[in-house]
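A.B. asks: Just to be clear, the model below is a prediction. Sequence and coordinates:
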Amino acid sequence: MTTIPDLHASDRILTLSNCISFFRILLAAPTVFFLLHDTYPAAAGFMAFAYITDILDGYIARKSHTITEFGKAIDPIADKIYVSALVIAMVSKGLVPLWFVILVIGKDIIIMIGVVIVRKKINAILPSNYWGKSAILVTIITLFLSVCGVSHDILLFGWIASTVLIILSFYVYLMRGLKLMKISAND
């Protein structure tokens, strides 16, 4: 028998980990500024710092037992806003292919629609999964390497790996959402 996991967490909003996630959204502005002004070393530094905040917010939430419904929402939203801002700025500078930007933003829009649907059906937010976090990691590394000017062959490998992980994470997230909605409907 399959049961719905306990997806409900504290309703607190102002936790340290949630503030770090929100701060990551704010980091998009200086990163994009430096990208658009061809100051790639500074942009790369902000990208590395933003990724550290992504690791840190989840770690702090788990260690301090402050995983919240708001945190489950703001962390992936911060990732989506940050990465979307990056890829849009980077495509305008010729640093990423347009198809990749369409893939990243298209997947994020579909996921956000799915989040709303799942939230309405089971009154919970699905937390990020391993594949989603892996997709973000490989995407950020590939974007970082692009800003650092590495060879096209390395970047091609990064685009392919990112694409595979993005598609896989989308599939896993979709199946989890459908399964939980089905279980909820049968209760």
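C.D. replies: That came through, no problem.
A.B. asks: can you count the residues close to the closest residue to A48 other than its chain neighbours?
C.D. replies: Of all residues not flanking A48 in the chain, F144 sits nearest, at 6.8 Å (Cβ to Cβ, 6 or more residues apart in numbering). C-beta: built from backbone N, CA, C; applies to glycine. Counted by other Cβ atoms under 10 Å, the residues lying close to F144 total 19.
A.B. asks: Read off the pLDDT value for F144.
C.D. replies: On pLDDT, F144 comes in at 95.
A.B. asks: Then the one 10 residues further on?
C.D. replies: The score at I154 is 90. That number is its pLDDT.
A.B. asks: Can you mark which positions in the helix or strand hosting it are buried?
C.D. replies: According to DSSP states H and E, I154 maps onto helix 152-186. Within helix 152-186, the residues scored as buried using 16 or more other Cβ atoms under 10 Å are 155, 158-159, 161-163, 165-166, 169-170, 173, 176-177, 180-181.
A.B. asks: For the protein, give me the ranges with low pLDDT.
C.D. replies: Applying pLDDT under 70 to the chain flags the ranges 1-11.
A.B. asks: Kindly recompute the last result at 80.
C.D. replies: Low-confidence segments of the chain (pLDDT under 80): 1-12, 123-129, 184-187.
A.B. asks: which ones are touching the residue nearest to A48?
C.D. replies: Taking Cβ atoms under 8 Å, 6 or more residues apart in numbering, we find F144 in contact with 44, 47-48, 51.
A.B. asks: Grab the most central residue of the protein for me.
C.D. replies: Closest residue to the average C-alpha location of the chain: D79 at 3.4 Å, with Cα atoms, centre = their mean.
A.B. asks: How far off centre is the helix holding I154?
C.D. replies: Offset of helix 152-186 from its chain centre (Cα atoms, centre = their mean, to the nearest Å): 12 Å.
A.B. asks: now stretch 41-51
C.D. replies: How far stretch 41-51 lies from its chain's middle: 16 Å, per Cα atoms, centre = their mean.
A.B. asks: List the buried residues in the helix or strand in which the residue nearest to A48 is found.
C.D. replies: Using DSSP H and E, F144 sits within helix 130-147. With burial defined by 16+ other Cβ under 10 Å, the residues of helix 130-147 counted as buried are 131-136, 138-140, 142-147.
A.B. asks: closest to L36 among these?
C.D. replies: Nearest to L36, judged by Cβ to Cβ, of these is V147 at 12.1 Å.
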